[in-house]
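*Asks:* Here is the input, now give the coordinates:
(one chain, ligands or ions: 2)
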Amino acid sequence: TKSENTIIVTGGAGFIGANFVHAALKVGGSTVVNLDKLTYAGNLENLAALADEPRHIFVKGDIGDRQLAAELLRTHRPAAIVNFAAESHVDRSISAPDDFIQTNVVGTFNLLQEARNYWQELQGEAQSAFRFLHVSTDEVYGSLGDDDPPFSETTAYAPNSPYSASKAASDHLVRAFFHTYGLPTLTTNCSNNYGPYQFPEKLIPLVIHNALAEKPIPVYGDGANIRDWLYVTDHCRAILDVLEKGIPGGVYNIGGRSEKTNLDVVHTLCSILDELAPRESGQGYVRLITFVTDRPGHDRRYAIDAAKIEAEIGWQPEETFQSGIRKTVQWYLDHAGWVANVTSGAYRDWIETNYGER
Ligand code: NAD
Ligand code: TDX
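*Replies:* Numbers count the residues shown, from 1 in each chain. Ligands and ions are numbered 1, 2, ... in the order given. Sure, this is the predicted structure:
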């Protein structure tokens, strides 16, 4: 039936969401209803390959619009909602936190309310099979010291930035909707992602973009902060697996056991670029590295203990950091037009013409 085959994905025009929509349409016969506000981070070009795909239905709108959410649920009768929609950039949350509270906290709350109304109207198998999967981050757990064990699902929440605090708040609402109302929720907390379609405000695409443009490569503080990197398609597969096998109310940490200092990451990118796209001057890209003022409240180290998802779900990453980072550099080299569009704002004009405000 329709409901078994349809999922609503929010934020599916963003980096991870777009990769997920492609993955979901590839693995199964499901229809994806993609609800995205098309903020600066949302880009329909990420979904251009699906222009003739009848199983992809794009809807421009805000997860905070309850009437719209109710309407989409009644019209499409999905078996699941996968919530990617969020403001996602830590630096932006420091300079302007308002949208983070509105989308990440209030927006997720609105979606939960409408999901609960819809789920309560379902019956029998359709009701027990329904899932609300909330995509979250390892940043909710705060910052690790060098000798601390990695974050597990039972690590206490200690968010330090407006971004991570807003994600933590949304995780807590999801938790409460399961415990209070029985809404069959799933929460995934993943480490730093990288790969195709990532907006060049985030470290890896920013380094590639600046290097190719012969601009300084900014490294915050001493560059010794540690992140645990996962290739985006491995994250998407983990979400599909959790959707299928996760236990309602469950929390699943996702990570690639791939801790790197920022300087390591930047040096790796520079040497791959030296090989694939050498500078005209003949100098190495490392010469562009510039140490800049640290991010306020900058978390020192994130690391994920992925033992639960490995054992209970049977998920493993396919890419190593070495293989994933090469693919990523190659993708950005092959998609210079994509980068030019998202940095020029040309695609925004196109969106305004083709998808007027609802
Ligand atoms: P992104 O910023 O690239 O994309 C976010 C998408 O959400 C955009 O398409 C945007 O238009 C849309 N959106 C924003 N506000 C909206 C609203 N009010 N209503 C509807 N759509 C809205 O983000 P991303 O990096 O792809 O992250 C996706 C999700 O995964 C987020 O929830 C983020 O917290 C989480 N996450 C990201 C990472 C990472 O490393 N990028 C790691 C772990 C978890
Ligand atoms: O120019 C830069 N220079 C720099 O040194 C940028 C943009 C970042 N950094 C540092 C800050 C971090 O230690 O690199 C590290 C990675 O920074 P970001 O790419 O901004 O990611 P981070 O802050 O770790 O958050 C990301 O991972 C977890 C995502 O943006 C979040 O959405 C996700 O939840």
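
*Asks:* ranges for the strands of the chain?
*Replies:* 6-10, 31-36, 56-60, 80-83, 131-137, 185-190, 192-194, 217-220, 226-231, 250-254, 259-261, 289-292 (DSSP state E).

*Asks:* Please produce JSON lines containing those, extended by mean neighbour count, distance to ligand 2 and mean pLDDT.
*Replies:* In short, each C-beta sits where N, CA and C put it, glycine included. Output for those, formatted as JSON lines (neighbours: other C-beta atoms under 10 Å; distance: least, C-beta to the nearest ligand atom, whole Å; pLDDT from 0 to 100):
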{"stretch": "strand 6-10", "mean neighbour count": "25", "distance to ligand 2": "15", "mean pLDDT": "98"}
{"stretch": "strand 31-36", "mean neighbour count": "25", "distance to ligand 2": "16", "mean pLDDT": "98"}
{"stretch": "strand 56-60", "mean neighbour count": "19", "distance to ligand 2": "22", "mean pLDDT": "98"}
{"stretch": "strand 80-83", "mean neighbour count": "26", "distance to ligand 2": "14", "mean pLDDT": "98"}
{"stretch": "strand 131-137", "mean neighbour count": "24", "distance to ligand 2": "3", "mean pLDDT": "99"}
{"stretch": "strand 185-190", "mean neighbour count": "25", "distance to ligand 2": "7", "mean pLDDT": "99"}
{"stretch": "strand 192-194", "mean neighbour count": "23", "distance to ligand 2": "4", "mean pLDDT": "98"}
{"stretch": "strand 217-220", "mean neighbour count": "18", "distance to ligand 2": "4", "mean pLDDT": "98"}
{"stretch": "strand 226-231", "mean neighbour count": "24", "distance to ligand 2": "5", "mean pLDDT": "98"}
{"stretch": "strand 250-254", "mean neighbour count": "24", "distance to ligand 2": "11", "mean pLDDT": "98"}
{"stretch": "strand 259-261", "mean neighbour count": "18", "distance to ligand 2": "9", "mean pLDDT": "98"}
{"stretch": "strand 289-292", "mean neighbour count": "14", "distance to ligand 2": "7", "mean pLDDT": "98"}
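
*Asks:* nearest to L144, of these?
*Replies:* Closest approach to L144 among the strands of the chain is made by strand 226-231 (7.9 Å; C-beta to C-beta).

*Asks:* From the chain's centre, how far out is that closest one? Work that out for me.
*Replies:* Centre-to-centre, strand 226-231 and its host chain are 13 Å apart (C-alpha atoms, centre = their mean, to the nearest Å).

*Asks:* Next, count neighbours for the residue of the chain found nearest ligand 1.
*Replies:* With C-beta to the nearest ligand atom as the measure, G14 is the residue of the chain nearest to ligand 1, at 2.0 Å. A count of neighbours around G14, defined by other C-beta atoms under 10 Å, yields 25.

*Asks:* What pLDDT does the model give it?
*Replies:* On pLDDT, G14 comes in at 98.

*Asks:* could you check the distance from it over to R237?
*Replies:* As for G14, its distance to R237 is 18 Å (criterion: C-beta to C-beta, to the nearest Å).

*Asks:* same thing with A51?
*Replies:* 24 Å.

*Asks:* near ligand 2, which residues of the stretch 101-250 of the chain?
*Replies:* Contact residues, the stretch 101-250 of the chain versus ligand 2 (C-beta under 6 Å from any ligand atom): 137, 139, 192, 202-203, 206, 218-220, 225, 227.
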